[in-house]
Every structure is written in C-alpha cells, then in structure tokens.
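> Dropping the sequence and predicted coords here.
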Amino acid sequence: MSRLFKTSLIVMIVIFLLACSLVTNPINDVKNTAGTAQAFASDVSSFASAMPIETLQSLATTIPIGTIEALPSEIAQFGDYFNPQGTPVSEWNGIPIMPQATAGQEFDASNYSFRHTGAVKDAVDFYNNALTAAGWSPIATTSDEQGALLIYSMDGKYLTVTVADMDGDFVVWFMIA
C-alpha cells in the first residue's frame, strides 16, 4: 500500500467518526435534557426540600451565590400558588374573583391565587368576559378539561391567568408583569 492511500484511508475514517459524533451527540444531549426536565418537573416542591444547600452551592460557577441560596424558597413558594389559604377577596388589583372561590391568597403585589368549585370552562368563560369588559386585550388562550392558560395585556402590563386541576378542585393563579 502506498503512503498516500494509507493517509487517505486514515483521513476518511477520522471524518466518518467525526460525522457520526456530530449526529449522535445532539440527539443524546436532547434525550439527557428532556430526562432532566421531566425529573425536575415531576415534583418541584420535593426537589427543593430534598436538595441540600451544599449541593446547590457547589453549582456556583457562574450564578451568584445569593441567587442559588434563594432558589429553594422561590421553588417552594411556587408550589404555594396552587394551595392558597385564607378567605378569598371579591376583587384583586381590579380583577374580579369568581363567586365560586372557596380559598384565596395574595402572595405579593404580582401574584394571587384562589381555589374554586366548578370546571375549567367556567373559569375561562368568566375571565374572558370579565377581563375583556375591564379593558384587558387577549393575547393567547389555550385550555382543555385539565387546565387553561390565558394571557392578556393592558397599558404595558401583562396578566397571566393559569387554571389548574388540583385534586378535583380548580385553582386560578393570577400573575401580573
């Protein structure tokens, strides 16, 4: 075999191996990312409480330590939005609360949620009518029997209305940005 043939063969093998890794690596990365996202989303609250703060602190390569230390409480508070406690108000930030509300809670100036008896369709119909009448413009709406996401805008603000089935009760969560 000539030297040119051997060199060409080696170059072709290297190119073939590189091409194979360029195809399979992105596929494996997507699989790994999807698995990680699915595991994280399966139970956000238990993830936050089960993760030791030392593990989170070890991840602080580019994220400020203050942000990482605040993460468990932020994740835990996110779970609270779907378990409001207290007496519901009749109106929050100019947004009417459904008469079927059984419990409600304001978490901060931008977040309020309440439980209600009824169905997703009841909440979607109520808020499509009430928010449009109050001057909010619909941007996007999606819903099914298990939940809904409604997004509105008015005067440079955005209102997200999330309706979720929580063990047979429905929770409506408002977030203003």
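Looks like it came in fine.

> Name the helix or strand for Y112, please.
Element membership of Y112, judged by DSSP states H and E, is strand 111-116.

> Also F126?
Here F126 is assigned to helix 120-133, by DSSP H and E.

> average pLDDT across the helix or strand following that helix?
Under the assignment DSSP H and E, the closest C-terminal helix or strand after helix 120-133 is strand 137-143. Mean per-residue pLDDT for strand 137-143: 92.

> the strands in the protein, which residues?
91-92, 95-96, 101-108, 111-116, 137-143, 147-154, 157-166, 169-176 (DSSP state E).

> do you know which of those lies nearest D80?
Closest of the strands of the chain to D80 is strand 101-108, at 6.8 Å (criterion: CB to CB). Placement of C-beta: from N, CA and C, glycine included.

> just the angle between the closest one and strand 111-116, please?
Strand 101-108 and strand 111-116 are oriented at 170 degrees to each other (axes from the mean of the first three to the mean of the last three CA atoms, to 10 degrees).

> Please work out which residues outside strand 101-108 touch it.
Contacts to strand 101-108, defined as CB atoms under 8 Å, 6 or more residues apart in numbering, come from residues 77, 80-81, 84-89, 92, 97, 112-117, 169.
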